[in-house]
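Asker: no letters, just coordinates:
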């Protein structure tokens, strides 16, 4: 009977074929909007590593469980739930084309998924420990980056740095089918010392992880560095978690409670041991962590009071004496657990996290900091749930902190029609609610002091056309940084995509946001809040000339205004060319870009693909011409003595330069300088053996 369905799908001509290997992360737009919202770029490249590995070792859909599918971050929970119900009802898939029969699965979703999955007979995945340790893939990554800049502004910023200007990353990883993974990472930022001064042991940051999956009743075992994600991120979420973007259905936090950590970021992880047990429909996770945090310590010498933490530093920079004094100066013990009961359609879970700091935290004197965490101990506790009925998926989390301040998020994903999907999120988070290592679907960077409602629609009216829209209305009951009164705002986005054939892809996007902020030009001591509006319009075109050459161009315009005054406009244009000759060991891409804005407020962000697992999203402003060149060469050799061992070496070089014809330099912060003739160089070598 199933073969009849597959043959019918083939006869309809709706056959999906595997795509070319993506050259950039699948979430490029989400990363750009995150950089614009938070003025920083994540160093968590775990998803990119995962997808790169799955291109060589595809996930078998007939053996995949819920956690395996969630780790892809390419599917909604409604799609995952429908797929598992379909497979349980009709048995293993016979062909990838059968995915078209799964409710809420559309052709674009399937095409995006195909490079990372396969369909084959289900095999026993409980291999012996010896096979897990012998048959895996080993990779060694070496990355060097340096900014070449002789301007006086750059020299002033870096004159207090103790180390040289070269940044280095070394990462070794062993991976066997994602069932066993271990490795070590060493990272040195530009300006930090290396095997001298305060860094006698070499790198400023070291990380080790050991992670095993599916060991009988043990679903996951983490030793060393790992991340924890509970519920919808109200009490704990250390992995990647995007907020609003053109992926209007990407609203839900999803993934296993424990994940391995081997990225270069020095803050958002735990160090210790964690384990997830699973027996039938019951899952239980516990973890313990002991690590040191970078903090600003303050001591009132007049009152002879003990030191206290005024803020936790998350950047990981230790380039000067002042930054070095804040390095690893406070111990933090974290314990937590989660109990989850689930079936094919629903789950309910109870989560808890407890912290103990070696020194107490104390809120600052600013009014917006009034409800910040205080003391040595803190805790967060929550209940989360989900339920799938027909084409609707309902989920949420309700949390409290140590002082019983409340926070909640509830969401809905629904397939209203084979061509229409909807997403709704409601959140209500007390201005007094506080948490550490959290990341929920909110307007604020942390889940605190916010009420709001988000609604999104994704419509595919005819083949080749797609309309994505969302609207978000939010308010902040208490003061915020640079907002001296309760405030609010709204945001909406409309994106129209057109894909007439396999060679052309076009989208145009309009995004509008209005928030209230302090008036910049008011009288001293009087700072009324006024509306700040930002409007972006972007058009992006991708065109594949041949199987080896692809062109991409973008035009973007921004309008900025504060209370109808201080108006600024900005404009950006770039053209990319990607060249990947078939059956050749080399490939490269290049970009030429022009930007012109009236100032920093009208800055524009554009994703820049550099070396593998690395990217840049710099703020672009003033008048500048920027170019980017990436060259890659892959060396492969099969040993005559070991026919089953495959050696692979990828050399990558990235060169980017911004030239400002109108002024010498503009300094925004000490770590964000767009200076005249600034040249960014990156060299990376990846060795792999499998």
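Answerer: Thanks, I have it. This structure is a prediction, so every number in the text was calculated from the model and none was measured.

Asker: and the average pLDDT for stretch 370-382 is what?
Answerer: The pLDDT scores in stretch 370-382 average 94.

Asker: now residue 142, which residues is it bridged with?
Answerer: For residue 142, the beta-bridge partners are residue 170, residue 685 (DSSP bridges).

Asker: same check on the one 4 residues further on?
Answerer: In this structure, residue 146 has beta-bridge partners residue 166, residue 681, where bridges are defined by DSSP bridges.

Asker: could you report the pLDDT at it?
Answerer: Residue 146 is given a pLDDT of 93.

Asker: do I have it right that it meets residue 168?
Answerer: No - contact criterion CB atoms under 8 Å: residue 146 and residue 168 do not qualify, at 9.7 Å. Where you see a C-beta, it was placed from the backbone N, CA and C, and this is true even at glycine.

Asker: please name the nearest non-neighbouring residue to residue 198.
Answerer: residue 324 (5.4 Å; CB to CB, 6 or more residues apart in numbering).

Asker: next up, the contacts around the one you found.
Answerer: Contact analysis of residue 324 by CB atoms under 8 Å, 6 or more residues apart in numbering lists 162, 198, 318.

Asker: tabulate these (JSON lines), appending distance to residue 453, pLDDT and secondary structure.
Answerer: Below are these laid out as JSON lines (distance: CB to CB, whole Å; pLDDT from 0 to 100; DSSP: H, G, I helix; E, B strand; the rest coil):
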{"residue": "162", "distance to residue 453": "49", "pLDDT": "88", "secondary structure": "coil"}
{"residue": "198", "distance to residue 453": "49", "pLDDT": "83", "secondary structure": "coil"}
{"residue": "318", "distance to residue 453": "42", "pLDDT": "91", "secondary structure": "coil"}
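
Asker: neighbour count and distance to residue 575 for these - can I get that in JSON lines?
Answerer: Shown next, in JSON lines, are those (neighbours: other CB atoms under 10 Å; distance: CB to CB, whole Å):
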{"residue": "162", "neighbour count": "17", "distance to residue 575": "41"}
{"residue": "198", "neighbour count": "15", "distance to residue 575": "45"}
{"residue": "318", "neighbour count": "27", "distance to residue 575": "39"}
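
Asker: let me see the mean pLDDT of stretch 267-286.
Answerer: Mean predicted confidence for stretch 267-286 is 96.

Asker: and that stretch, what's buried?
Answerer: 268-276, 278, 283-286 (16 or more other CB atoms under 10 Å).

Asker: tell me which two in these are the farthest apart.
Answerer: Greatest spacing in the buried residues of stretch 267-286, by CB to CB: 268 and 278 (25.6 Å).

Asker: quick check: the closest residue to residue 509 other than its chain neighbours vs residue 442, distance?
Answerer: Leaving aside its sequence neighbours, residue 509 sits nearest to residue 495 (CB to CB, 6+ apart; 4.1 Å). Distance of residue 495 to residue 442, given as CB to CB, to the nearest Å: 22 Å.

Asker: tell me which of the two has more neighbours.
Answerer: residue 442 (25 against 22; other CB atoms under 10 Å).

Asker: phi first, then psi, for the more buried one.
Answerer: phi -140, psi 170 (degrees, to the nearest 10).

Asker: contacting residues around it?
Answerer: 243, 427, 429, 450, 452.

Asker: do you know the pLDDT at it?
Answerer: For residue 442, pLDDT reads 95.

Asker: nearest to residue 688 among the contacts of residue 324?
Answerer: residue 318 (31.0 Å).

Asker: what residues are bridge-paired with residue 237?
Answerer: Beta bridges link residue 237 to residue 229, judged by DSSP bridges.

Asker: quick one: residues contacting it.
Answerer: Residue 237 is in contact with 228, 229, 230, 253, 437, 438, 439, 440, counting by CB under 8 Å, 6+ apart.

Asker: apply 10 Å and report the result again.
Answerer: 227-231, 253, 255, 268, 435, 437-441, 447 (CB atoms under 10 Å, 6 or more residues apart in numbering).

Asker: buried stuff in the helix or strand hosting the residue nearest to residue 198?
Answerer: According to DSSP states H and E, residue 324 maps onto helix 321-325. Residues of helix 321-325 classed as buried by neighbour count (16+ other CB under 10 Å): 323, 324.

Asker: where does the protein dip in pLDDT?
Answerer: By pLDDT under 70, the low-scoring segments of the chain are 1-26, 122-128, 150-157, 301-304, 521-526, 637-645, 662-677.

Asker: quick one: list the elements packing against the lengthiest helix in it.
Answerer: Ranked by residue count and defined by DSSP state H, the top helix of the chain is helix 77-90. Packing contacts for helix 77-90, counted by 3 or more CB pairs under 10 Å, 6 or more residues apart in numbering; DSSP states H and E, involve helix 66-72, strand 375-389, strand 392-401, strand 406-417, strand 420-429.

Asker: tell me the buried residues in the second one?
Answerer: What it means is strand 375-389. Across strand 375-389, burial judged by 16+ other CB under 10 Å covers 378, 379, 380, 381, 382, 384, 385, 386, 388.

Asker: hmm, back to that, for the longest helix of the chain, the distance to its chain's centre please.
Answerer: Centre-to-centre, helix 77-90 and its host chain are 26 Å apart (CA atoms, centre = their mean, to the nearest Å).

Asker: kindly report the same for stretch 599-608.
Answerer: In terms of CA atoms, centre = their mean, the centre of stretch 599-608 is set 19 Å apart from its chain centre.

Asker: next, the distance between the ends of that stretch.
Answerer: Start-to-end span of stretch 599-608 (CA to CA, to the nearest Å) is 21 Å.
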